[in-house]
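Undergrad: Provide a 3D model corresponding to the input given below.
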Amino acid sequence: MAVVCVRGPLRKLAGGRAEHELEGATVVELLRALERGHPELGGWILDERGVIRRHINVFVNGERGGDSTAVRAGDRVEVVPAITGG
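TA: Predicted structure coming up:
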């Protein structure tokens, strides 16, 4: 299992937990599993096509990742919403 870490307002939508152990071979598979377990997240991380929204940053073991980035057991996936402001 990989560990998916959600930050910012996403944490509240994910049951208030920052870390979630999930099964999946790619980043998008993990994120789909996260959404299945926490339907409140639906539409916040993945768009209607099932791909990562452009304002969401994903890092796998500290390196920038994307939808098809492979993950293995023990990997750490950070999901960070972009911060904007003026």
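Undergrad: residue 47 is in contact with residue 67, isn't it?
TA: No: using Cβ atoms under 8 Å as the test, residue 47 is too far from residue 67 to be in contact (10.7 Å). (C-beta placed from N, C-alpha, C; glycine too.)
Undergrad: how about the helices of the protein, start to end?
TA: Along the chain, the stretches classed as helices by DSSP state H are 9-13, 27-37.
Undergrad: quick check, distance from the lowest-mean-pLDDT helix or strand in the chain to the centre of its chain.
TA: Least confident helix or strand, the chain: helix 9-13 with a mean of 93, by mean pLDDT, DSSP states H and E. Helix 9-13 has its C-alpha centroid displaced from the chain centroid by 11 Å (Cα atoms, centre = their mean, to the nearest Å).
Undergrad: kindly report the same for stretch 67-85.
TA: Remark: stretch 67-85 is offset 5 Å from the chain centroid, using Cα atoms, centre = their mean.
Undergrad: keeping just the C-alphas, turn it into CSV.
TA: Extracted C-alpha coordinates of stretch 67-85, given in CSV (Å, rounded to 0.1, in the frame of the first residue of the first chain):
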residue,chain,number,x,y,z
ASP,A,67,-1.8,10.9,-13.5
SER,A,68,0.2,7.9,-14.8
THR,A,69,3.1,8.1,-12.4
ALA,A,70,3.7,4.6,-11.1
VAL,A,71,3.5,4.0,-7.4
ARG,A,72,4.6,1.0,-5.3
ALA,A,73,4.0,-0.2,-1.8
GLY,A,74,5.6,2.1,0.7
ASP,A,75,5.6,5.2,-1.6
ARG,A,76,4.4,8.5,-0.2
VAL,A,77,2.1,10.6,-2.4
GLU,A,78,1.5,14.2,-1.4
VAL,A,79,-1.6,15.9,-2.7
VAL,A,80,-1.3,19.7,-2.4
PRO,A,81,-3.8,22.3,-3.7
ALA,A,82,-2.2,25.3,-5.3
ILE,A,83,-2.4,28.5,-3.3
THR,A,84,-3.3,31.7,-5.0
GLY,A,85,-3.7,35.1,-3.8
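Undergrad: okay then, goodbye and thanks.
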